[in-house]
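# A predicted structure for the sequence below; I have some questions about it.
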Amino acid sequence: MMQIETTPEMVSKVYAKLEENIAKYRKIVNRPLTLTEKILVGHLDDIASAKDLEPGKSYSFLRPDRVALQDVTGQMVILQFMQSGLKRTMLPTTVHCDHLIRAKVSGDVDIKVALDENSEVYKFLESSSRKYGLGFWKPGAGIIHQVVLENYAFPGGLMIGTDSHTPNAGGLGMLAVGVGGLDATEVMAGFPWELLYPKRIGIHLKGELNGWVAPKDVILYVAWKLTVSGGTNAIVEYFGPGTKSISCTGKATITNMGAEIGATCSVFPYDDKMDVYLRSTNRGPIADLANKHRDLLVADPEVEKNPEKYFDKVIEIDLSTLEPYIAGPHTPDLARPISHLAEDVKNSKYLDTISVALIGSCTNSSYEDMTRAASVAEQAKLHGIHIKIPLLVTPGSEQIRATIERDGQMHTLNDIGATVLANACGPCIGQWNRPEIKPGEPSTIVTSFNRNFPGRNDGRRETMAFMGSPELIVALALGGRLSFNPLKDTLIGSDGKEFKLEPPKKAPEVPSKGFSNIGSIYVPPAANPDEVEVIINPTSGRLQKLEPFQKWDGKDFVELPLLLKAKGKCTTDHISPAGAWLSLRGHIDKISDNVFLGAVNAFTNDIGKGKNQLNGNTESFPVIARQYKQNSLKWIVIGDNNYGEGSSREHAAMSPRYLGCAAVIARSFARIHETNLKKQGVLALTFANSSDYDKVQESDKISVLGLSNMQPGQNIKCILHHKDGTKDEIALKHSYNDSQIKWFKAGSALNILREKEAQ
Ligand code: SF4
């Protein structure tokens, strides 16, 4: 039976390989190494390939230590794994039921409803996990990244996960990368994982956090500085004395949100804070091993002395002078110090009245976070006041929930009026019922979550979400206004007297009494897998067995209609919206009815609709795409900058592919989505000249030529056929290597995997 736990024996083997590979790599490059390089070369499939590694240019083939799947993306991974014909996963893999639980009433009630509503999906995930050797975490056990941090992450390890916030485990010194489902399927099938060898961004932390300033503010500052695409194809490595002052879970908040700058992942060097966290989560022997191999788990000392030499970019942050930040609305890089927010509210006419405040999620629900949030709540309680608006709390895991219930933080939050929701994603991913808001009604919410794209939290584009640390969000819930600055403004106590909130008390990183023991929330793989039947109801409206995509027919794409020219941000939430659609992620046909419903049409500014070239009508994009498919017409999408930013959801590539998308041509791509498109057999191309985006017209037919001679590094010819009979010839770039070109020709990467298994 596959060993799912991260055991000391496993970690020992990983460190032995790191040691061996790092020693060989030192001989090749003959210079000090960053931590990122140590972990990457330590996981190379073939160390001989290390001599060719070029950041941002060459591809590396890596051997991750484990895989994590969540219940939404995991459905498709397992359906794809079933197609591969393999019997067991080849490395430790876990499934976490967190995304499908809707926030409606309170934790207990919502879990019961979720168990009923999603019963067939949970049965499928549990039965397939037991059969194929995966560990299964039941609904209510917690959010994937928190459960991974508590149980599986370890310093120096390499993990992939089908969720874009997988880098959360970087807080425990692990390189943990969010990937598309097919990457996970391949790795589970025993193939190495292919990654564009990343560039390196170094962030030097000095000083110490104090007062209201929290780890969240570090990453909001970094996001503001680097923007949502500033980390693309790079790993962010934190270093310097300031790293030692941040708790392990605080580090995880920072690495979690590295996803918001598009980074491959982020990582902190091993230190005593990680030792403390490992021991408090019953992993003392792993802490002992990490202490013994510290040199493998931190950058070489010369790197810190001369960082510009070893990183492509270096940012310095003095934690002692950092201010609390608030980011939003609509994009995580629109951050400013809280002291500037009131002015922004006035100048930008943001709705000042906050309707709901939310804390927790995978990003900010540690023991330390909840204790600091409770410390603010305690002050309100002492002055006899309640929150002015609803405050919803989503604990990251059952372990956290049970512990803060035992230690009193939850009671304090309840006492000022907070509601504790299930240990699940809920309002972070559109699984949030807000009947009190009318359609089209604007609202302002504040959260300690990690994303604030339009339509994300409550599925409504009009909602403006602002993000900050949990303690700041609790303070804003007490103030009730976005322009309330707890650092300078006052509240009125029940005695009618004004008082100012004090900064939260210094909180323990881990509970002094240890974490609470929790009950049966985990199901191990079956001892007798052959006797386990995977449960899929053949008439299911939620799950559908996959059929392979067709091979490329060897012909150029000639005069294909343009489906959509997207303007501005086109995230995976715009391409394949979440919310109510989450329930259909195991059913490719049904979920494809959501495709591009959030995308902004560059010609009309309409959302989710465009011109049907068959009848000239304005219709929704999925309706048009289905019509093209019925008429055997492939079609093309034009994207703007950083197309596909956001989550790792492969549906944003699979649904277009399923409905006949031949190519996406963008100004630039977000990393995970570009790979997802390639893997699903959709050509992912970029304009050689970015301004050619402007040449694309609404009724264009587009030809992409010379595909049989497609070569790595060589441009591709494209002709835009305009309605008036004129044409524009433009050049397109691509980042395909030889094996990725084979994916395209085979129809998908999975087709290649299946062929190999059949041999
Ligand atoms: Fe869940 Fe939100 Fe975390 Fe994603 S970011 S895992 S949706 S809590």
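In hand now; what should we look at? Residues are numbered from 1 along each chain as shown.

# who in this protein is up against the ligand?
Residues of the chain lying close to the ligand by C-beta under 6 Å from any ligand atom are 98-99, 143-145, 163, 165, 361-362, 425, 428-429, 449-450. Quick note: C-beta positions are derived from backbone N, CA and C, even for glycine.

# list the contacts for the most centrally placed residue in the chain?
By C-alpha atoms, centre = their mean, the mean C-alpha position of the chain lies nearest to S164, the distance being 1.8 Å. Residues near S164 by C-beta atoms under 8 Å, 6 or more residues apart in numbering: G178, A259, G646, S647, S648, I672.

# Scan the residues you listed and report the most crowded one.
When neighbours are taken as other C-beta atoms under 10 Å, the top entry among these is A259 (33 neighbours).

# Under a three-state scheme, what state does that one occupy?
Classification of A259 by DSSP: H, G, I helix; E, B strand; the rest coil places it in helix.

# List the buried residues of the helix or strand K629 falls within.
Assigned by DSSP states H and E, K629 falls within helix 621-630. By 16 or more other C-beta atoms under 10 Å, the buried positions in helix 621-630 come out as F621, P622, I624, A625, R626, Q627, Y628, K629.

# What are the contacting residues of the lowest-mean-pLDDT helix or strand in the chain?
One helix or strand of the chain scores below all others by mean pLDDT, DSSP states H and E: helix 749-758, with a mean of 83. Residues outside helix 749-758 that contact it (C-beta under 8 Å, 6+ apart): 80, 83-86, 182, 185-186, 189, 191, 548-549, 551, 678-681, 742-743, 746.

# are any of the residues you listed buried, and which?
80, 83-84, 86, 182, 185-186, 189, 191, 549, 678-681, 743, 746.

# Tell me the secondary structure of the closest residue to the ligand within the stretch 601-750 of the chain, please.
In the stretch 601-750 of the chain, the residue that lies nearest the ligand is S647 (7.2 Å; C-beta to the nearest ligand atom). Reducing the assignment at S647 to three states with three-state DSSP gives coil.

# In contact with it, which residues?
With contacts defined as C-beta under 8 Å, 6+ apart, the neighbours of S647 are D163, S164, G178, T571, T572, D573, I672.

# Over to L35?
Contacts of L35 by C-beta under 8 Å, 6+ apart are G173, E237, F239, V267, P269, L297, V298, A299.

# of the residues you listed, buried ones?
Listed as buried from these are G173, E237, F239, V267, P269, L297, V298, A299; burial here means 16+ other C-beta under 10 Å.

# Can you tell me which of the residues you listed is closest to the ligand?
Set against the ligand, the nearest of the buried ones among the contacts of L35 by C-beta to the nearest ligand atom is V267 (18.5 Å).

# Lowest-confidence one in the contacts of S647?
Looking at the contacts of S647, model confidence by pLDDT dips furthest at I672: 81.

# do you know how far the closest residue to G85 other than its chain neighbours is from the ligand?
Take G85 and drop its neighbours on the chain: the residue closest to it by C-beta to C-beta, 6 or more residues apart in numbering is E757, 4.6 Å away. In this structure, E757 and the ligand are 31 Å apart, going by C-beta to the nearest ligand atom, to the nearest Å.

# E757: how many residues sit nearby?
The burial count for E757: 13, using other C-beta under 10 Å.

# Let me have the contacts of L35 in a markdown table, extended by distance to S512.
Shown next, in a markdown table, are the contacts of L35 (distance: C-beta to C-beta, whole Å):
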| residue | distance to S512 |
| --- | --- |
| G173 | 24 |
| E237 | 32 |
| F239 | 30 |
| V267 | 28 |
| P269 | 26 |
| L297 | 27 |
| V298 | 28 |
| A299 | 32 |
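
# Just those: which are in strands?
E237, F239, V267 (DSSP state E).

# Show the subsequent helix or strand relative to the longest helix along the chain.
For the chain, the helix with the greatest residue count under DSSP state H is helix 8-29. In the C-terminal direction, the helix or strand that comes right after helix 8-29 (DSSP H and E) is helix 35-42.

# Just the pLDDT for S648.
67.

# Same question for the one 3 residues further on.
What the model reports as pLDDT for H651 is 91.

# how much space between it and N118?
Between H651 and N118 the distance is 17 Å, computed by C-beta to C-beta, to the nearest Å.

# Looking at those two, which one has more neighbours?
Higher neighbour count among H651 and N118: H651, with 31 against 22, using other C-beta under 10 Å.

# Please name the residues that touch the nearest residue in space to that one that is not next to it in sequence.
Nearest non-adjacent residue to H651, counting by C-beta to C-beta, 6+ apart: S576, 4.4 Å away. Counting by C-beta under 8 Å, 6+ apart, S576 touches I591, N594, V595, R649, H651, A652, S655.

# Return the member of the residues you listed nearest to K497.
R649 (50.7 Å; C-beta to C-beta).

# can you give me the strands for the stretch 51-200 of the chain?
Shown for the stretch 51-200 of the chain, the strands assigned by DSSP state E, counting those that start in this stretch span residues 59-62, 66-70, 93-96, 135-137, 158-161, 175-178, 193-196, 199-206.

# and what of the stretch 501-650 of the chain?
Under DSSP E, counting those that start in this stretch, the stretch 501-650 of the chain gives strands at 522-523, 557-565, 609-611, 618-620, 635-639.

# Can I get those in JSON lines including mean pLDDT and mean neighbour count?
What follows is the strands of the stretch 501-650 of the chain, written out as JSON lines (pLDDT from 0 to 100; neighbours: other C-beta atoms under 10 Å):
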{"stretch": "strand 522-523", "mean pLDDT": "97", "mean neighbour count": "16"}
{"stretch": "strand 557-565", "mean pLDDT": "98", "mean neighbour count": "21"}
{"stretch": "strand 609-611", "mean pLDDT": "98", "mean neighbour count": "21"}
{"stretch": "strand 618-620", "mean pLDDT": "98", "mean neighbour count": "16"}
{"stretch": "strand 635-639", "mean pLDDT": "98", "mean neighbour count": "26"}
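
# can I get the ones you listed in JSON lines with distance to E533?
Shown next, in JSON lines, are the strands of the stretch 501-650 of the chain (distance: least, C-beta to C-beta, whole Å):
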{"stretch": "strand 522-523", "distance to E533": "15"}
{"stretch": "strand 557-565", "distance to E533": "40"}
{"stretch": "strand 609-611", "distance to E533": "43"}
{"stretch": "strand 618-620", "distance to E533": "39"}
{"stretch": "strand 635-639", "distance to E533": "40"}
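
# low-confidence ranges in the protein?
648 (pLDDT under 70).

# count of residues packed around the closest residue to R461 other than its chain neighbours?
Counting by C-beta to C-beta, 6+ apart, R461 lies nearest to P454, which is 4.2 Å off, once chain neighbours are set aside. The number of residues packed near P454 is 22, by other C-beta under 10 Å.

# Report the secondary structure state of P454.
coil.

# Would you report the backbone torsion angles of it?
Main-chain torsions, P454, degrees, to the nearest 10: phi -60, psi 140.

# Run through the residues that contact it.
H330, R461, T463, G598.

# I'd like to know how many residues surround the third one.
With neighbours defined by other C-beta under 10 Å, the count for T463 comes to 25.

# wait, what's in contact with the nearest residue to it once chain neighbours are set aside?
Nearest residue to T463 in three dimensions, chain neighbours excluded: S443, at 5.1 Å (C-beta to C-beta, 6+ apart). Going by C-beta under 8 Å, 6+ apart, S443 touches L351, S355, V356, I437, R460, E462, T463, M464.

# now do 6 Å
S355, I437, T463 (C-beta atoms under 6 Å, 6 or more residues apart in numbering).

# How about S469?
Listed by C-beta under 6 Å, 6+ apart, the contact partners of S469 are A214, K216.
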